[in-house]
Every structure is written in C-alpha cells, then in structure tokens.
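K.L.:
The following block contains a protein sequence and its predicted model.
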Amino acid sequence: DVKVTQSSRYLVKRTGEKVFLECVQDMDHENMFWYRQDPGLGLRLIYFSYDVKMKEKGDIPEGYSVSREKKERFSLILESASTNQTSMYLCASSPAGNSNQPQHFGDGTRLSIL
Amino acid sequence: DQQVKQNSPSLSVQEGRISILNCDYTNSMFDYFLWYKKYPAEGPTFLISISSIKDKNEDGRFTVFLNKSAKHLSLHIVPSQPGDSAVYFCAASGRTGANNLFFGTGTRLTVIP
C-alpha cells in the first residue's frame, strides 16, 4: 500500500512566521503534489514536482514555495504566513506521467495562522 | 475558472437506496476521470476511475458512468450504507506530464440509517 505521510496533523503559527510542511512517500513515485482544501472550493493545486529538484506552479502558488531535494520528500514553505493561508493542506504522490494512475494522498495538515 | 463542477453540495439518501453523485467538466481534453472519498480529518481516498475510452466502470457497489458528448460523469452507489457518508470529489486529468488532476468542489453524501 502507498503511504504518504505528512509530518503534522495540526499546526498553529503566527502571522509573518516562515512555515514548513513536510511530506514523505514510500512508493518511489516520481510525482508529488501540494493542495489546499477550503470549504466550497474543493482541492486547489499549489505546486507540483515531477522529479527531484524540479517544481512547477499550480493554480495558486502565490505566497508559497516548495523544495524537493530527495525523491521521497516534498516540502511546502509559507514564506511569511498570513491569515488567509489558514487551511487544510494535502500532499499527494503518483507514478510518472502518461499513465492513468490515481494520486495517493496523505491525511492532511490543518494549519491555523493567528 | 472551474473546469470540473459538482453542482450539488450535499445529498441525503436512505440506507439501502441508490446514491447518484454528478459531475460536469468543460475541458474536452480530459481523458481520465476519478472519484475520491474523503472523511473528516483524513486525506481523500481513491475510489474508482474511468478512462475516456469507456462509458462505464464497475467495482462492487460503485459504478461510474461517463457521457463524453455531454461532458458528464456520475457515481452510483448501490446499495448505500451509512459508512458511505463522506464528501465525494470528482477529478479529471488530461495526460499532462505529471498527471495533474482538476478537482470539483465536492458533494457531501449523508446516508440515513
């Protein structure tokens, strides 16, 4: 079974802090993704990566950056946290592209910015 | 612009009856469609998928139907069980390099015992 592990289930930070969200997958997947889920808006893609050190912007990258130094680990960084970044953050992974394979998700990190 | 739409935010069904969740999409380049189920405080779990070369895919109590001409898909759950109560997300992919998925806004299904 694919295991995607997010380092924290709940996190509370203050406005202006630099926040790191970590995600690790154990299936040697090439692709990794970061989403945020907000009520009435579904899942929105922030960033994704299809290889080590590669990254691509998703639909809502503003205020975020990512890092992928190792294949199994994909980090989301909030450079200067703001209250509108309070949300549920979900990490996912999938095998390399051009194959109909579902993305597998972690359990999410509920982040509150005060 | 939302490319995948779930117009019903919620649905209530009696246990044992059929649940039908609907999804519409606008991008004709989408060729792979998925349904995910999500319980509170958990990540989405893959449920069932369908490729655009098919119009139906069945897995136990779950069946997904695809109508390409109408750009519409639906998920049927028969019979519905209380444990099916969750938020269901429809998603679509267009075979980009990283299998990017476009998600709908979700439908909260409540199965009443």
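P.N.:
All right, it came through fine.
K.L.:
alpha carbons only for contacts and neighbour counts from here, please
P.N.:
Noted.
K.L.:
my read: B:I112 touches B:P82, true?
P.N.:
Yes: using C-alpha atoms under 8 Å, B:I112 makes contact with B:P82 at a distance of 6.3 Å.
K.L.:
what do these two both touch?
P.N.:
Listed as contacting both B:I112 and B:P82 by C-alpha atoms under 8 Å, 6 or more residues apart in numbering or on different chains are B:E15.
K.L.:
does residue 88 have beta-bridge partners, and which?
P.N.:
I went with chain A, as the question did not name one. A:M88 has these beta-bridge partners by DSSP bridges: A:Q37, A:R110.
K.L.:
To clarify, I was referring to chain B.
P.N.:
Assessed by DSSP bridges, B:Y88 has beta-bridge partners B:K37, B:T107.
K.L.:
helix, strand or coil for B:G83?
P.N.:
Secondary structure assignment for B:G83 (DSSP: H, G, I helix; E, B strand; the rest coil): helix.
K.L.:
who's in contact with the residue lying closest to it once chain neighbours are set aside?
P.N.:
Leaving aside its sequence neighbours, B:G83 sits nearest to B:V111 (C-alpha to C-alpha, 6 or more residues apart in numbering or on different chains; 7.7 Å). If you count contacts by C-alpha under 8 Å, 6+ apart, B:V111 has them with B:12-15, B:80-85.
K.L.:
What helix or strand is B:V111 located in?
P.N.:
Secondary structure from DSSP states H and E places B:V111 in strand B:107-112.
K.L.:
repeat for A:L43
P.N.:
Judged by DSSP H and E, A:L43 forms part of strand A:42-49.
K.L.:
That strand vs strand B:107-112, what angle?
P.N.:
130 degrees (axes from the mean of the first three to the mean of the last three C-alpha atoms, to 10 degrees).
K.L.:
For strand A:42-49, which strands pair with it and how are they oriented?
P.N.:
Here, using DSSP bridges, strand A:42-49 pairs with strand A:31-38 (antiparallel), strand A:56-57 (antiparallel).
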